[in-house]
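Trainee: Sequence and predicted structure are below.
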Amino acid sequence: MKKISRTKVVDVLRRTDYGAEVNVKGWVRTHRSSKTVEFIAINDGSTIKNVQVVVNPEEFDADTLKQVTTGACINVNGVLVESMGAGQASEIQCKEIEIYGLCGNDYPMQKKGQSFEVMRKNAHLRLRTNTFGAVMRIRHNMAIAIHDYFHKNGFFYFHSPIITGSDCEGAGQMFQVTTKNLYDLKKDKDGKIIYDDDFFGVQTSLTVSGQLEGELGATALGAIYTFGPTFRAENSNTPRHLAEFWMIEPEVAFIDLEGLMDLEEDFIKHCVRWALDNCKDDLEFLNKMVDKTLLQRLNSVLEGSFVRLPYTEGIRILEEAVAAGHKFEFPVSWGMDLASEHERYLVEEHFKRPVIMTDYPKDIKAFYMKINDDDRTVQGTDVLFPQIGEIIGGSVREENYDKLLGEIRRRDIPFKDMWWYLDTRKYGSCPHGGFGLGFERLILFVTGMQNIRDVIPFPRTPKSAEF
């Protein structure tokens with residue numbers, strides 16, 4: 001074939017220099033044939049849209065054209081022309097075709113309308129479909145939006161460790177990291193494993209959060225954010241849980257509860273606005289094919305302020321709903337941790353806009369949250385979104401050494417794991433706070449997808465670690 005510099009499909013579709021020679025490479029989406037003309041739709045992943053290649057079958061070997069099947073990878077030289085058909089402004093009059101990779105009839109992704117469950121079983125190939133191409137391009141854009149927001153607002157990107165000896169959440173649901181021979185473990189007289197011969201000399205695990213280390217960064221640099229993988233060994237087979245996911249966790253010195261809520265609202269609006277500004281084609285596709293209310297819901301987030309609702313007031317609203325006849329699966333009472341159905345009722349039915357819930361009972365929240373003067377509640381914040389429920393969890397952190405130590409002792413958290421964290425309250429303590437956003441929860445909301453396993457390339461869930 002004649003050597004012509006490759007042009008990505010996304011760029012070809014923008015060009016109007018008709019008559020120019022172009023080269024495109026990609027995978028065949030469809031191939032329609034007739035006696036006089038053939039149409040090949042090619043996509044290379046750079047856009048949701050395909051470029052149409054028009055082929056005169058008299059100019060090509062029939063056996064070669066038969067091999068241009070759905071999923072095949074091809075290289076095309078041709079002339080850019082104005083399209084006479086509907087749906088595209090330009091197309092390519094084919095001059096040369098080279099087949100890079102054949103694709104047989106057993107290609108799992110060639111059928112239309114396959115279920116997401118079937119596609120999950122072929123996660124190594126599902127990325128080539130329109131839906132997953134759109135989701136992954138949006139995922140990329142959301143990562144860029146996050147870095148853009150924090151960089152412009154004076155935050156420093158801070159890398160917290162993946163391997164840790166501390167359990168930030170205190171739930172104990174961590175994946176252990178070891179080089180020990182699991183068939184021959186050294187144990188003491190009480191039957192406990194001895195770790196002095198392990199790689200780190202102590203028991204270590206994959207992190208569940210970078211927050212504690214992030215607080216150290218904030219008390220030195222003023223404002224930081226972490227953005228990296230986190231791990232939860234939680235046996236939850238739900239559409240909202242993964243064993244491996246990505247977290248964004250900003251921490252800010254000298255911030256109070258109002259300032260924290262302002263940050264949470266401004267940040268998430270920036271991300272939604274970025275998606276609407278930079279992912280138009282993919283969002284329109286998902287709005288048409290996955291969730292017909294997607295664009296309306298995204299725009300609604302930007303239209304007004306988020307409701308700021310104390311937990312106690314939220315419980316009162318839910319109790320009134322029950323008294324008026326609303327049926328919840330789980331009962332409502334002060335002191336409970338809200339279920340997703342309660343969160344969504346407040347957001348979707350009562351207020352009809354996002355809610356930031358504050359001042360939770362301290363016994364249902366983490367040990368590091370700042371305790372209010374009533375000694376019953378803490379300055380925690382959960383941002384609740386339509387369809388998702390909780391999308392952000394944050395708090396003002398307890399900066400008082402004695403109060404923090406008291407909570408650590410009350411919850412029986414080993415002091416040997418927390419001494420370094422307490423040092424930030426011993427040496428130059430300051431008011432500070434932050435939040436955590438599960439990246440995949442954000443992608444769920446922005447794409448309209450219904451299962452968190454469909455917004456990460458290779459989901460890790462109980463009994464599933466393929467690909």
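Mentor: Perfect, thanks for sending it. Numbering: from 1, shown residues only.

Trainee: Pull out the buried residues from stretch 11-20.
Mentor: Neighbour counts using 16 or more other CB atoms under 10 Å place 12-13 of stretch 11-20 among the buried residues. In this view, the C-beta of every residue, glycine as well, is placed from N, C-alpha and C.

Trainee: end to end, how far does it reach?
Mentor: With CA to CA, to the nearest Å as the measure, the first residue of stretch 11-20 is 13 Å from its last.

Trainee: Run the chain-centre distance for that stretch.
Mentor: Relative to its chain's centre, stretch 11-20 lies at 35 Å (CA atoms, centre = their mean, to the nearest Å).

Trainee: neighbouring contacts of it?
Mentor: 7, 22, 24, 46-47, 49, 51, 79-82, 88-90, 92 (CB atoms under 8 Å, 6 or more residues apart in numbering).

Trainee: What is the nearest of those residues to residue 127?
Mentor: The closest of these to residue 127 turns out to be residue 46 (CB to CB; 13.5 Å).

Trainee: Tell me if I'm right that that closest one and residue 10 touch.
Mentor: Yes - taking contacts as CB atoms under 8 Å, residue 46 lies within contact range of residue 10: 3.9 Å.

Trainee: The nearest residue to residue 7 once chain neighbours are set aside: how many residues sit nearby?
Mentor: Distances taken as CB to CB, 6 or more residues apart in numbering put residue 22 closest to residue 7, at 5.3 Å, once the chain neighbours are dropped. Using other CB atoms under 10 Å, the number of residues around residue 22 comes to 22.

Trainee: residue boundaries of the helices in this protein?
Mentor: Taking DSSP state H to define them, one finds helices in the chain at 9-12, 62-66, 116-120, 123-126, 130-152, 211-221, 257-278, 280-289, 294-303, 311-323, 340-344, 401-410, 415-426, 439-447.

Trainee: now the angle from the fifth one to helix 439-447?
Mentor: Just to be clear, that refers to helix 130-152. Relative orientation of helix 130-152 versus helix 439-447 (axes from the mean of the first three to the mean of the last three CA atoms, to 10 degrees): 110 degrees.

Trainee: angle of helix 130-152 against helix 257-278?
Mentor: Going by the same axes, to 10 degrees, helix 130-152 makes 130 degrees with helix 257-278.

Trainee: Show me what helix 130-152 is packed up against.
Mentor: strand 156-157, strand 223-231, helix 257-278, helix 280-289, helix 439-447 (3 or more CB pairs under 8 Å, 6 or more residues apart in numbering; DSSP states H and E).

Trainee: Of the ones you listed, which is nearest residue 251?
Mentor: strand 223-231 (5.6 Å).

Trainee: Output the closest one as PDB, nothing but the C-alphas.
Mentor: The C-alpha trace of strand 223-231 is given here as PDB (Å, rounded to 0.1, in the frame of the first residue of the first chain):
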ATOM      1  CA  ALA A 223      -3.900  21.500  50.600                       C
ATOM      2  CA  ILE A 224      -3.300  18.200  48.900                       C
ATOM      3  CA  TYR A 225      -5.300  15.500  47.100                       C
ATOM      4  CA  THR A 226      -4.700  11.800  46.500                       C
ATOM      5  CA  PHE A 227      -6.000   9.900  43.500                       C
ATOM      6  CA  GLY A 228      -5.200   6.300  43.400                       C
ATOM      7  CA  PRO A 229      -6.300   2.700  43.800                       C
ATOM      8  CA  THR A 230      -7.900   1.400  47.000                       C
ATOM      9  CA  PHE A 231      -9.000  -2.000  48.100                       C
END
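
Trainee: That strand pairs with which strands?
Mentor: If you go by DSSP bridges, strand 223-231 pairs up with strand 156-157 (parallel), strand 244-253 (antiparallel).

Trainee: so which of those is the most packed in?
Mentor: With neighbours taken as mean count of other CB atoms under 10 Å, those reach their highest mean count in strand 244-253, at a mean of 23.

Trainee: Between helix 211-221 and that strand, find me the angle.
Mentor: Between the axes of strand 244-253 and helix 211-221, defined by the same axes, to 10 degrees, the angle is 30 degrees.

Trainee: Excluding chain neighbours, what is closest to residue 2?
Mentor: Using CB to CB, 6+ apart and skipping residues adjacent in sequence, the residue nearest residue 2 is residue 77, 5.8 Å away.

Trainee: about what we covered before: which of the helices and strands packed on helix 130-152 sits closest to residue 369?
Mentor: Comparing those by CB to CB, helix 257-278 comes nearest, at 10.8 Å.

Trainee: elements contacting that closest one?
Mentor: Short answer (3+ CB pairs under 8 Å, 6+ apart): helix 257-278 packs on helix 130-152, strand 244-253, helix 294-303, strand 355-361, strand 377-385, strand 389-397, strand 432-438, helix 439-447.

Trainee: Of all the ones you listed, which one is nearest residue 281?
Mentor: helix 130-152 (8.1 Å).

Trainee: Low-confidence ranges, the protein, go.
Mentor: Across the chain, the ranges flagged by pLDDT under 70 are 167-172.

Trainee: residue farthest from the centroid of it?
Mentor: Note on the chain: the largest C-alpha distance from the chain mean falls to residue 58, namely 48.9 Å (CA atoms, centre = their mean).

Trainee: how close does it sit to residue 35?
Mentor: Per CB to CB, to the nearest Å, residue 58 is found 9 Å from residue 35.

Trainee: Repeat that for residue 49.
Mentor: In terms of CB to CB, residue 49 sits 28 Å off from residue 35.

Trainee: Then residue 316?
Mentor: As for residue 316, its distance to residue 35 is 73 Å (criterion: CB to CB).

Trainee: Same question for residue 348.
Mentor: The value you get for residue 348 to residue 35, if CB to CB is used, is 55 Å.

Trainee: between those two, which one's more packed in?
Mentor: For the pair residue 348 and residue 35, the greater number of neighbours falls to residue 348 (16 against 7), based on other CB under 10 Å.
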